[in-house]
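Enquirer: sequence and predicted structure below; questions after.
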Number of protein chains: 2
Amino acid sequence: MSFTFDIHATAGAARAGVFSTPHGPVGTPAFMPVGTLATVKALDPEDLVRMGASMILSNAYHLHLRPGDDVVREMGGLHRFMQWNGPILTDSGGFQVFSLERLRTIDEQGVEFQSHIDGSRRFFTPEIVMQIERNLGADVIMQFDHVIPGQSDEATARDASERSIRWLARCLAEVQRLESTQLLEDPPRGEFTGDNSQNQQALFPIVQGGIHARLRREAAESIRSMHDWAGFGVGGLSVGEEKDAMYEMIEVVDDALPKTHPRYLMGVGFPEDLIEAIRRGVDLFDCVAPTRMGRNGAVFTRDGRLNIKRAEFRTDPKPLDPDCDCAACTRFSRAYIRHLFVSDEILGLRLLSLHNVHFLLSLARAARQSIQHGDLEQWSRDWLARYRTTSPLAV
Amino acid sequence: MSFTFDIHATAGAARAGVFSTPHGPVGTPAFMPVGTLATVKALDPEDLVRMGASMILSNAYHLHLRPGDDVVREMGGLHRFMQWNGPILTDSGGFQVFSLERLRTIDEQGVEFQSHIDGSRRFFTPEIVMQIERNLGADVIMQFDHVIPGQSDEATARDASERSIRWLARCLAEVQRLESTQLLEDPPRGEFTGDNSQNQQALFPIVQGGIHARLRREAAESIRSMHDWAGFGVGGLSVGEEKDAMYEMIEVVDDALPKTHPRYLMGVGFPEDLIEAIRRGVDLFDCVAPTRMGRNGAVFTRDGRLNIKRAEFRTDPKPLDPDCDCAACTRFSRAYIRHLFVSDEILGLRLLSLHNVHFLLSLARAARQSIQHGDLEQWSRDWLARYRTTSPLAV
C-alpha cells in the first residue's frame, strides 16, 4: 500500500499520526498550504520547505482552465511543474464549479458551466474530473461532489449528498480504470512496471450533508461501505453556518467514520477552528486565509490578529509576532513591513504570507506535540484564551 | 580612510578593482540592484546575498516621502531597516524632482515641488538633501544636482551643470558639518567615538554636461579641483540621447576624471551598455530595468531578450536561459513561469526579477574576470555578437 495512516498518540478524539504517501510522510494534525494555481500565492516552494510544510493543496478546476491539465501532464505532472517534491492533494473543483451560481446547469451526468476566465463552455462529470486529476498527478485526489450553500434545508442537502455518493462510485470506477491504463507522469515514481503501488493516487470521498446530523451519518455510512478508502474528506463546512453547528457536524462525522483513517476538513484553517477541529478528531486542514489575509495586511499573532497597515506600527521595532520564528519575524520590524505595504511593495505580500502560513503550520505542529505529550486540553485552553483576549496593539 | 579603491588589473580603459566601504568591499565592475523604496522590487534581501550582490541602491526622494527619512533614522538607519548589511548607495533624488515637470520651481537656493504621492509642497536644497541622506545612513551618498533632459542645448546644459557644481560645494559643506555633529544611526559602525572613520559617508559628485564634450570636461575639472572625492558619479546619460553620444561622453569623462577613483554611471544597466561602458572605464552601474522588465515578463538571456508571455513558451521545458545558474533557471521551466505570469501570480514576478538581476550581476562579474584574465576585448566581442544575433525562441 502506498498510503497508510499510523496513529502514534491520542487525546480524547484527537490523534497524532503519520499519513504516508508516495511523496513522503505527513505528520498529523497538519495544515496544508493552498497553491490553487500550482503556486502558494506570494511564496517560493523553497519557503515552504523551510517552514516545514509537508503536504500542499492545488485545484483541478483552476489548473484545468489555466494552464490546462494537459499542459501540466506534458510538463511531467504537478510535482515537477511547480517543483514541489512533497505530497500534493488536489481538490476536484466541485466547490468552484458550484460557486458559479449563474454559470452552470446540473444534471445527474454532471455540470455544464462557463469558464470564469474566458466564458467558454465546459462540462465536468465525475469521470472527466478524475481524468484531470490523473493528469495533474497529485498523491491524494478529491472526488467530484455536488456542493450546496451552507444553510441549505435538509431536502436540498439530501439530494446533493446522495448525488455526491452516486458520483463517488463513478469516480472510483474511473480512477481504477485510469490506474490500470495510464502511467502517472511523475518521474519520482519511476517507470510503469505494472506495479500499482507505483502508480496509485488515493481517491478521498467527501462526506457532505450540510448541517443535518442524520444526513452526515447516512453519508458516512454509505461511503464507508463502498470501498476501503485511504482517507476521508469532510466538506460543506465553514461556509457560513454557525460555529456550533460546524463543531457538532465534526463530532457527528468523527463518530461515523473509522478512527483508523485520516480525516480532512476541507477549507478550514482559522487558528481557533483548527484547534477546535483537532480536538474533535480532524487530521488535515487547508485554507486560503493565511495567504489571502496576508495580501490584505492581516497578520495572525499569538495575541490575536492585527492589521499591519495601521498607523500605530509606523515606527514599531517589534516583529509581527514576538513569539514567532519565521523568516519575516526573525528579520524585519513591523515598521518596515508596514512601509512595504503602504508602498505596495511585493516583498510585503511575501513576508505576510510567509508569516501567516508559518503560523498555521506551527500551530498544527504544536497541537501534534501536545497530543503526544498528553496535555492537549490544557494547551488548547491556554492557547485560545490568549488568542482571544489579548489586544495585539498592546503586545 | 573608510573608502578606498584598489585597481587589480586593467584592460585598455577598463579596470578590475575593489571599492572598500564601511559595510564591506565591492568588486568592480559591479552592477548595483535598485531598491528605490528600501526593497529591491519583488526580491528578498536574502535573494540578493545568494546572487552575490555586493552593493545596492536606494533613493532619498522616495524614502523622504515614504516612510520618511526620520522614520528610517528612528528605526536604526537604512541598513537595519531593510536588513541589508552590505554597502548601500543613495541617489539624492535630483533625477526624481526634476522629472516632476509641472510640479516644481527652481532657483539658486533649491527646488520647490509637490509630492507625487499626496501633492504636499516640499522644498529640497543641497543642505536638506544631505540631511535626508544622513538620516538614511547609506555608505555612499550622491550630491543634489540639477538634472536636465538628455537633448538639452549647450546653454541649458551649462546653466544646469554650473548650478550643480555650486550645489556640490554646499553639499560638501553640509556633509562635513553633519559628520562632526550627527552620529550615523547605523549600529555596525559602533558608538560615536569622535573617530570620523566610523561616521563617514562618501559624498559622490555628479559630472553633468549633457551630450556636450566641452561641458563634461569643464565639469570634471571643476569637481576634481574642489575636494579629494572617494568616487565620481556620471549623470544625465541613457536619458534618450543616441548610443554613440553616450559612449562618446563616457570616453570624455574617463579621460577627464582621475583613473585612481571609481566611476559610477548612473541609471545605466542594459547588458550591451554595461559592456560598452566597462570597456570605457566605468566601475559601477545601476538600473531599474531588470526588475521593471521582469515585472512585465521580459527576460534577459545570453541569446537576447524574450517575453515569457508568448504562446511559444506554453509547454517549453527549458529554463529561461539555459546558460544561467540562478534560482529560477536551475528549478523552473519557461512553461511554468509563463503560467505564473499569465495567471498574475506573484511568484512569476519574483522569479523573473531574480533572474534578470542575477543576469546583470553575473555579466559584471564575467567582465571583471575577463579584465583580470586579459581577454576583455575578445570576450566582449563574443558576448555582444551572440546577444545581438541569436533569436531567443530558437534556443
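Expert: Sure thing, it's come through. Numbers count the residues shown, from 1 in each chain, chains lettered A, B, ... in the order given.

Enquirer: anything in stretch A:38-47 near chain B?
Expert: Yes: Stretch A:38-47 lies within reach of chain B by CB under 8 Å from any CB of the partner chain, at A:38-39, A:41-46. (Glycine included, C-beta is placed from N, CA and C.)

Enquirer: in these, which residue is surrounded by the most others?
Expert: Counting neighbours by other CB atoms under 10 Å in any protein chain shown, the top entry in these is A:A38, with 28 neighbours.

Enquirer: secondary structure class for it?
Expert: Look at A:A38: counting by DSSP: H, G, I helix; E, B strand; the rest coil, its state is coil.

Enquirer: give me phi/psi at it?
Expert: Main-chain dihedrals, A:A38, degrees, to the nearest 10: phi 70, psi 30.

Enquirer: wait, what's in contact with the closest residue to A:L360 other than its chain neighbours?
Expert: Distance criterion CB to CB, 6 or more residues apart in numbering or on different chains; nearest residue to A:L360, sequence neighbours excluded, is A:F31 at 4.3 Å. Taking CB atoms under 8 Å, 6 or more residues apart in numbering or on different chains, we find A:F31 in contact with A:269, A:274, A:285-287, A:360-361, A:363-364.

Enquirer: picking that back up, which of the residues of stretch A:38-47 next to chain B lies closest to A:T315?
Expert: A:T315 lies nearest to A:A42 out of the residues of stretch A:38-47 next to chain B, by CB to CB, at 25.4 Å.

Enquirer: re earlier: and the residue nearest to A:L360, bridged to which residues?
Expert: A:F285 (DSSP bridges).

Enquirer: what about the residue in the stretch 151-300 of chain A that chain B sits nearest to, neighbour count?
Expert: Relative to chain B, the nearest point of the stretch 151-300 of chain A is A:R295 (8.4 Å; CB to the nearest CB). A:R295 has 18 neighbours, counted by other CB under 10 Å.

Enquirer: likewise A:A385?
Expert: As a measure of burial, A:A385 has 10 neighbours, counting by other CB under 10 Å.

Enquirer: buried ones in the helix or strand where it lies?
Expert: In this assignment (DSSP states H and E), A:A385 forms part of helix A:376-389. Residues A:376, A:379-380, A:383, A:387 are the ones in helix A:376-389 that count as buried (16 or more other CB atoms under 10 Å in any protein chain shown).

Enquirer: A:L78 contacts A:L89, correct?
Expert: No: taking contacts as CB atoms under 8 Å, A:L78 lies outside contact range of A:L89: 10.4 Å.

Enquirer: for A:D91, name its beta-bridge partners.
Expert: In beta-bridge terms (that is, DSSP bridges), A:D91 pairs with A:N59.

Enquirer: ok, now which ones touch it?
Expert: A:D91 neighbours (CB under 8 Å, 6+ apart): A:57-61, A:142, A:266.

Enquirer: now A:F144
Expert: A:92-94, A:110, A:124-126, A:129-130, A:167, A:171.

Enquirer: so which residues make contact with stretch A:61-72?
Expert: Residues outside stretch A:61-72 that contact it (CB under 8 Å, 6+ apart) are A:36-38, A:60, A:78, A:81, A:90-93, A:96-97, A:115-117, A:122, A:124, A:131-132, A:135-137, B:314-315, B:335, B:338-339, B:342-343.

Enquirer: can you check stretch A:247-263 too?
Expert: Identification of contacts with stretch A:247-263 by CB under 8 Å, 6+ apart yields A:5, A:7, A:13, A:15, A:17, A:19, A:28, A:207, A:209, A:211, A:213, A:216-217, A:220-221, A:224, A:229-234, A:237, A:265, A:276-277, A:280-284.

Enquirer: give the buried residues for it.
Expert: Applying 16+ other CB under 10 Å to stretch A:247-263 flags A:247-254, A:256-257, A:261-263 as buried.

Enquirer: make TSV out of these and add secondary structure and pLDDT.
Expert: Converted to TSV, these look like this (DSSP: H, G, I helix; E, B strand; the rest coil; pLDDT from 0 to 100):
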residue	secondary structure	pLDDT
A:Y247	helix	96
A:E248	helix	97
A:M249	helix	97
A:I250	helix	97
A:E251	helix	98
A:V252	helix	98
A:V253	helix	97
A:D254	helix	97
A:A256	helix	97
A:L257	coil	98
A:H261	coil	98
A:P262	coil	98
A:R263	strand	98
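
Enquirer: average pLDDT across stretch A:167-178?
Expert: Taken as a whole, stretch A:167-178 carries a mean pLDDT of 97.

Enquirer: same deal with stretch A:347-364?
Expert: Regarding stretch A:347-364, the rounded mean pLDDT is 97.

Enquirer: centre of the chain to that stretch, how far?
Expert: Once both centres are worked out by CA atoms, centre = their mean, to the nearest Å, stretch A:347-364 turns out to sit 16 Å from its chain's centre.

Enquirer: show me what counts as buried in it.
Expert: Within stretch A:347-364, the residues scored as buried using 16+ other CB under 10 Å are A:347-364.

Enquirer: circling back to that earlier point, list only buried entries from the contacts of stretch A:61-72.
Expert: The neighbour count (16+ other CB under 10 Å) marks A:36-38, A:60, A:78, A:81, A:90-93, A:96-97, A:122, A:124, A:131-132, A:135-137, B:314-315, B:335, B:338-339, B:342-343 as buried among those.

Enquirer: quick one: which of those sit in strands?
Expert: A:90-91, A:122, A:124 (DSSP state E).

Enquirer: closest to B:D321 among the residues you listed?
Expert: Using CB to CB, A:T90 comes nearest to B:D321 of these, at 31.2 Å.

Enquirer: pretty sure that closest one contacts A:I56?
Expert: No: using CB under 8 Å, A:T90 is not in contact with A:I56; the gap is 10.1 Å.

Enquirer: in a strand, A:G17, correct?
Expert: Yes: assigned with three-state DSSP, A:G17 falls within a strand.

Enquirer: for it, give me the pLDDT.
Expert: If you check A:G17, the pLDDT there is 98.
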